[in-house]
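# Model the structure of this input:
(one chain, ligands or ions: 1)
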Amino acid sequence: MKFFSSRSRPVHLGGYPLERLARLRAPLAEFPDIPFPEVSFSRPEHPESIVNAMGPFQAMMDVLRTGPVNPVRAIIPEDPADRANHLKAFGYYNDASMMGICALPDAARLDKPRQSPGTGALARDLRERQTKTLAAGVDVIMANLRDAASAPATPLPAHTHALVILNAYPRDPRPDEPGSDWIIDAQAQRAALRATENATVLAEYIRQLGFDARVHSATTSDLNPGLCALAAGLTVWEGDALKAPWIGERFGLAVVSTDMDLAPDLPLSPLAEQPVSVIGGLAWQLGTHGGLSDRTQDPFARRDFAAGPHPFERLKRIDKPTTYIDAPNVPRIPKRTDMFARGQFGDMGPKVQDAMKGGHHVIKSAPSAAQRRLLGALILLQDGDITSDPTETDPARNATNLKAASYFLGIDAAGLSACPDWTWYSHDATGTPIDPPHDQALSMIVDQGFETMEGASGDDWISVSQSMRAYLRFAVLGGAIAQHLRNLGYPAKAHTVMDGDVLQPPLLLLSGLGEVSRIGEVILNPFLGPRLKSGVVTTTMPVTHDRPIDFGLQAFCEACNKCARECPSGAITAGPKRMFNGYEIWKSDSQKCATYRITNQGGAMCGRCMKTCPWNLEGLFAETPFRWIASNLPAAAPLLAKLDDKVGKGGLNPVKKWWWDIERKPDGGYGIPAAPVNARDLQTDLDLKFEDQTLAVYPAPLAPHPWPYPDPMNREAGIKAHADLVSADEHRARTARGET
Ligand code: SF4
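Modelled structure (predicted):
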């Protein structure tokens with residue numbers, strides 16, 4: 001937990017107070033002989049090691065290290081310092097521990113570029129793999145990926161600058177620690193994977209802006225990453241080792257080289273010349289700069305990996321979720337019911353369909369266009385064959401290992417439950433019936449990030465990217481967990497935003513990751529609030545289950561209407577919970593919500609409900625009383641909700657706005673948006689009444705057919721269906737009378 005807020009700390013400065021370090025006066029003229037890090041993702045002698053499963057994901061990113069450059073240069077600030085700060089902020093947004101920039105030294109170029117053996121194998125394998133997804137624009141991504149996979153390696157072009165990404169190791173897992181069976185000796189691979197994910201997105205982003213860029217990872221590279229880190233002022237070379245302040249030798253690197261002109265950082269002065277107060281004094285102990293501190297830099301310093309970074313052990317566990325699920329009567333619906341699928345097939349009219357052509361609703365924002373290339377490519381790794389018999393058969397040990405591995409890799413919260421048949425869609429993307437193949441679920445959530453959310457309105461030009469960033473993180477880490485399960489002999493699939501066969505909210509409830517919130521299908525977590533995206537890995541591996549949680553949210557949301565009041569499309573109900581398809585929820589108007597998100601002119605997509613919710617917290621010690629009162633004194637909820645407005649929480653913090661407001665134009669280049677940018681503040685004067693809302697819902701009887709062609713929505717029928725929804729009590733009574 002943090003003592004000092006980051007409110008006034010710009011995002012490009014990052015978590016460590018790098019700006020307070022002593023630096024040399026000029027770039028380095030000579031460089032030491034720094035060895036290239038040897039990081040292998042192949043460990044056949046240890047089939048239980050998670051490292052084997054991370055290999056294909058690292059290889060996929062290596063395949064995407066280059067790519068076509070947008071022929072139209074974006075309209076972006078000319079100042080190299082502005083550009084440098086922007087790209088560093090993007091790197092921190094992607095969770096780098098440190099970011100630095102250097103003019104690319106000739107000495108950093110390798111005489112013999114590295115290429116991992118895994119990359120060539122994956123490139124050959126990609127030709128065989130097919131996709132089955134409803135996501136728009138994936139055909140373009142696949143064509144692009146196959147081109148990249150079959151392209152011969154070319155010499156590094158005349159790049160002038162390098163962006164260096166440093167990812168710190170958490171503490172080493174102890175061999176006697178519960179859950180450490182699969183994660184021993186995997187630090188270098190973990191750091192390489194996370195840094196490479198960041199670099200892959202940044203390089204693609206730079207190319208989307210019309211400049212060339214290439215990734216140099218720990219496995220495939222034209223550059224010596226250690227030498228770049230030294231030149232970019234992230235490390236020093238002392239005692240024949242690279243050392244980073246506060247971190248020491250425990251980190252991994254990735255580099256993006258580019259021809260974009262960027263303001264470089266100066267090299268660091270020797271560690272002995274660094275101000276003691278900055279490196280180890282009270283300021284660092286407390287984190288007075290608002291970033292990381294000695295206490296918070298490693299969330300696992302005092303916790304087992306299997307327990308995760310948040311104190312879930314303090315929550316009240318219950319046998320059933322706090323909202324009713326009529327499990328025997330939950331109807332299974334086709335995947336085609338998803339509003340984004342309906343929009344794409346024209347069910348919601350030509351305006352929505354046009355806005356989705358080629359995935360335009362996502363790629364109109366440059367950061368998410370960059371994230372989407374990798375996210376789409378990873379569809380090919382979500383599922384696969386098993387090649388051995390199962391070995392790990394102890395359910396409790398499996399559960400602990402799965403959670404420890406998820407948290408070690410970087411998932412923010414994970415929970416285990418059964419995966420009942422009623423949580424599976426009835427038909428897949430082609431309209432083929434789904435026979436549920438797995439009965440166990442590992443649900444995971446990824447924080448969308450407090451820092452960027454602070455600077456955003458929730459529906460501006462970074463909104464879609466906040467979602468894609470979290471979806472991508474799950475696709476990499478959840479995908480690696482699914483691969484690991486298959487390596488251990490159990491079928492497993494990672495269900496991502498691009499290709500998933502299960503409904504995730506009920507699984508999140510069953511696995512104790514949150515409660516139903518007023519926002520509707522968004523499950524709210526007590527530590528992250530609604531500021532999250534989820535993913536699920538299904539499998540047949542036997543595991544013990546977590547139990548649902550109760551942290552008082554039902555009473556809180558009853559008393560608080562803030563998300564409904566702030567929703568730009570008026571899609572969130574201000575009324576009571578109702579039964580929908582067998583679930584008791586605050587049912588929102590998903591058609592209104594999806595239409596607004598897809599056709600938003602002043603930004604790309606929307607997450608304003610997450611932004612403005614009082615549970616969207618920074619993780620400060622000062623927030624402890626709020627959490628306790630909100631969870632334990634339901635009568636105080638109206639007061640807390642009002643207080644949240646009074647102190648301006650949920651408003652805009654311009655210090656945190658690091659992204660550029662640019663929009664993809666018809667010529668494919670990014671430039672000034674046509675419409676005014678959404679920069680909303682709170683609407684505290686609005687008194688939203690349920691009786692003034694007109695909402696539509698589409699329960700199972702109004703669901704579309706399962707096939708990939710149009711089935712127009714009937715909004716009048718949806719409005720009537722909303723009026724006909726009943727409470728959980730009434731539903732139970734009708735069921736008892738045999739009326740449902
Ligand atoms: Fe619940 Fe209020 Fe958050 Fe909406 S804004 S989800 S009503 S706590």
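# Please report how far the residue most central in space within the chain lies from residue 463.
The centroid of the chain falls nearest to residue 470 when counting by CA atoms, centre = their mean (1.0 Å). Using CB to CB, to the nearest Å, residue 470 is found at 12 Å from residue 463. For glycine as for every other residue, the C-beta is placed from the backbone atoms N, C-alpha and C.
# and if you look at residue 717?
From residue 717 to residue 463 the distance is 31 Å (CB to CB).
# Between the two, which has more neighbouring residues?
Neighbour count, other CB atoms under 10 Å: between residue 717 and residue 463, residue 463 has more, with 28 against 14.
# residues in contact with that one?
365, 456-457, 600, 603-607 (CB atoms under 8 Å, 6 or more residues apart in numbering).
# Which members of those additionally contact the ligand?
Among the contacts of residue 463, proximity to the ligand is found for none (CB under 6 Å from any ligand atom).
# so of those, which ones are in helices?
Under the assignment DSSP state H, the contacts of residue 463 contribute nothing to helices.
# in the stretch 401-550 of the chain, which spans are helices?
With DSSP state H, counting those that start in this stretch as the definition, the stretch 401-550 of the chain shows helices at residue ranges 450-455, 463-487, 504-510.
# Show me what the shortest one packs onto, helices and strands only.
Other elements packing on helix 450-455 under the criterion 3 or more CB pairs under 8 Å, 6 or more residues apart in numbering; DSSP states H and E are helix 80-93.
# ok, residues contacting the helix it packs on?
With CB under 8 Å, 6+ apart as the test, helix 80-93 has contacts from 10-12, 14-15, 76-77, 99-101, 163, 165, 198, 201-202, 205-206, 260-264, 367, 449, 451-452, 469, 658-660.
# Pull out the buried residues from that helix.
83-93 (16 or more other CB atoms under 10 Å).
# Then stretch 157-168?
If you call a residue buried by 16+ other CB under 10 Å, then stretch 157-168 has these buried ones: 159, 161-168.
# Looking at the contacts of residue 463, which is nearest the ligand?
Using CB to the nearest ligand atom, residue 607 is the member of these that lies nearest the ligand, at 12.2 Å.
# Quick check: the closest one touching residue 460?
No - assessed by CB atoms under 8 Å, residue 607 is found out of contact with residue 460, at 10.1 Å.
# Between those two, which has more neighbouring residues?
Set residue 607 next to residue 460 and count neighbours by other CB under 10 Å: residue 460 wins out with 27 against 24.
# Which residue, neighbours along the chain excluded, lies closest to that one?
residue 603 (4.0 Å; CB to CB, 6 or more residues apart in numbering).
# Identify the residues contacting the one you found.
365, 457, 459-464, 677-678.
# so what's residue 238 closest to, chain neighbours aside?
Closest residue in space to residue 238, ignoring its immediate chain neighbours: residue 271 at 6.3 Å, by CB to CB, 6+ apart.
# is it true that that neighbour touches residue 235?
No - with contact defined as CB under 8 Å, residue 271 does not count as touching residue 235 (9.9 Å).
# So those two - more neighbours on which side?
Ranked by neighbour count (other CB under 10 Å), residue 271 and residue 235 place residue 235 first, with 30 against 17.
# and that one, how far is that from the ligand?
42 Å (CB to the nearest ligand atom, to the nearest Å).
# now that residue: how far from residue 107?
According to CB to CB, residue 235 and residue 107 sit 15 Å apart.
# hang on, the earlier thing: between residue 271 and residue 235, what contacts are shared?
With CB under 8 Å, 6+ apart as the test, residue 271 and residue 235 both reach residue 243.
# Contact residues of this protein facing the ligand?
Neighbours of the ligand within the chain, by CB under 6 Å from any ligand atom: 517-519, 524, 530, 556-557, 560-563, 613-615.
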